[in-house]
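Enquirer: what would the 3D arrangement of this be:
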Amino acid sequence: MSRPRVLLAGAGGRLGSVILRDLSESWDITAAFGPGCENGLGCDLLSPGDRRKLLGMEFDAAVNAAALSSPLECAERPAECLALNALWPLVLARECRLRSVPMVHFSSDLVYSGGNPPYGSDSPAVPVSIYGWSKLMADMMVLRNHPGALLLRTSVLCGETGSRRRTFSQDVLSGRLRRVWVDSWRNHTPLKWLAGVLPGLLDDGLSGLAVACGDTCRSRSAYAEALLARRGLPVEHLQQEYAPPGVPSALCLRGDLVTDDLELQ
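Expert: The predicted model follows:
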């Protein structure tokens, strides 16, 4: 039986690199990296020409893991944020619906304000940052233009990644990160688990919006301490601080798909 041909946008990112690494034996992946990559298919998703070239390829399903994911970078580059995080998923959704193929798009818990947890797939979304608004706009436009698409709303991605951008857990375990927030609560989510559930979700034909995350809502400081303790590493070097203004405090999720938040870290 032939492997499904899957278009993967954002293959060089934290999540995309894990999908490419872990699912290449199950899928025949066309991996679209960002511009300037040395290996693979370099594609500037902000370029109409590059998008047309990418969407001219044959594929049986599409996974969009491409995003400008730093809220700070989004605030500094709002036009690029909206183009990549909102308009590109819309273009991909329309193409997938035209071809009648499934699509998976990754959303974020930062579409919520952090004031009335726990948040589920049925909770009202009111972002407090341009990053959150760009992700919410994408969610609404993808489902409107491709009702058969699957949106996975998730939280802080943790675990080993092949991306140049490290995860929160990597920084904690390496000792690079010492200052941890005591008042920012999230459902830290293992990358390897999130990538691993994708084949089954596509095979089952799941569509609509689902929350996929770690099963325990912890503060950044509590997660860092639990992760270090599981590895038998000291925690005394951690410095507990309050999050800066503008960071949502309690973003606890009520997941549809959940796993041990410390698993595979």
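Enquirer: if I look at residue 42, how far off is residue 50?
Expert: 8 Å (CB to CB, to the nearest Å). (C-beta placed from N, C-alpha, C; glycine too.)
Enquirer: please, which helix or strand holds residue 200?
Expert: Using DSSP states H and E, the element containing residue 200 is helix 198-204.
Enquirer: please point out which parts of the next helix-or-strand element following that helix sit buried.
Expert: Using DSSP H and E, the helix or strand that follows helix 198-204 in sequence is strand 208-214. In terms of neighbour count (16 or more other CB atoms under 10 Å), strand 208-214 has its buried residues at 209, 210, 211, 212, 213, 214.
Enquirer: on that earlier part again, now do the helix holding residue 200: which elements does it pack against?
Expert: helix 14-23, strand 103-108 (3 or more CB pairs under 8 Å, 6 or more residues apart in numbering; DSSP states H and E).
Enquirer: out of the ones you listed, deepest packed?
Expert: Ranked by mean neighbour count, the helices and strands packed on helix 198-204 are led by strand 103-108 with a mean of 25 (mean count of other CB atoms under 10 Å).
Enquirer: what about that one, average pLDDT?
Expert: Strand 103-108 comes out with an average pLDDT of 98.
Enquirer: using CSV, list the CA coordinates for the helix or strand following it.
Expert: Sequence order places helix 130-145 as the next helix or strand after strand 103-108, per DSSP H and E. Coordinates of each C-alpha in helix 130-145 appear next as CSV, following Å, rounded to 0.1, in the frame of the first residue of the first chain:
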residue,chain,number,x,y,z
ILE,A,130,-1.9,40.5,17.6
TYR,A,131,-0.4,37.0,17.5
GLY,A,132,-3.6,35.6,19.2
TRP,A,133,-5.8,37.6,16.8
SER,A,134,-3.9,36.3,13.8
LYS,A,135,-4.4,32.7,14.9
LEU,A,136,-8.1,33.2,15.7
MET,A,137,-8.6,34.8,12.3
ALA,A,138,-7.0,31.8,10.7
ASP,A,139,-9.2,29.4,12.7
MET,A,140,-12.4,31.1,11.5
MET,A,141,-11.3,31.4,7.9
VAL,A,142,-10.0,27.9,7.6
LEU,A,143,-13.2,26.3,8.9
ARG,A,144,-15.4,28.6,6.8
ASN,A,145,-13.5,27.8,3.6
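Enquirer: which parts of helix 130-145 are buried?
Expert: Quick answer for helix 130-145 (16+ other CB under 10 Å): 130-139, 141-143, 145.
Enquirer: wait, which of those is closest to residue 192?
Expert: Nearest to residue 192 out of the buried residues of helix 130-145 is residue 135 (CB to CB; 22.5 Å).
Enquirer: tell me the buried residues in stretch 55-64?
Expert: Quick answer for stretch 55-64 (16+ other CB under 10 Å): 55, 59, 60, 61, 62, 63, 64.
Enquirer: narrow those to those in strands?
Expert: 61, 62, 63, 64 (DSSP state E).
Enquirer: can you lay out those as a markdown table showing pLDDT?
Expert: Below are these laid out as a markdown table (pLDDT from 0 to 100):
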| residue | pLDDT |
| --- | --- |
| 61 | 98 |
| 62 | 98 |
| 63 | 98 |
| 64 | 98 |
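Enquirer: adding distance to residue 4, write these out as a markdown table.
Expert: As requested, these are exported to a markdown table (distance: CB to CB, whole Å):
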| residue | distance to residue 4 |
| --- | --- |
| 61 | 6 |
| 62 | 11 |
| 63 | 11 |
| 64 | 16 |
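Enquirer: closest one of those residues to residue 260?
Expert: Of those, the one sitting nearest to residue 260 (CB to CB) turns out to be residue 63, at 23.6 Å.
Enquirer: could the helices and strands packed on helix 198-204 be laid out in JSON lines, adding distance to residue 172?
Expert: Below are the helices and strands packed on helix 198-204 laid out as JSON lines (distance: least, CB to CB, whole Å):
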{"stretch": "helix 14-23", "distance to residue 172": "15"}
{"stretch": "strand 103-108", "distance to residue 172": "20"}
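Enquirer: alright, calling it a day.
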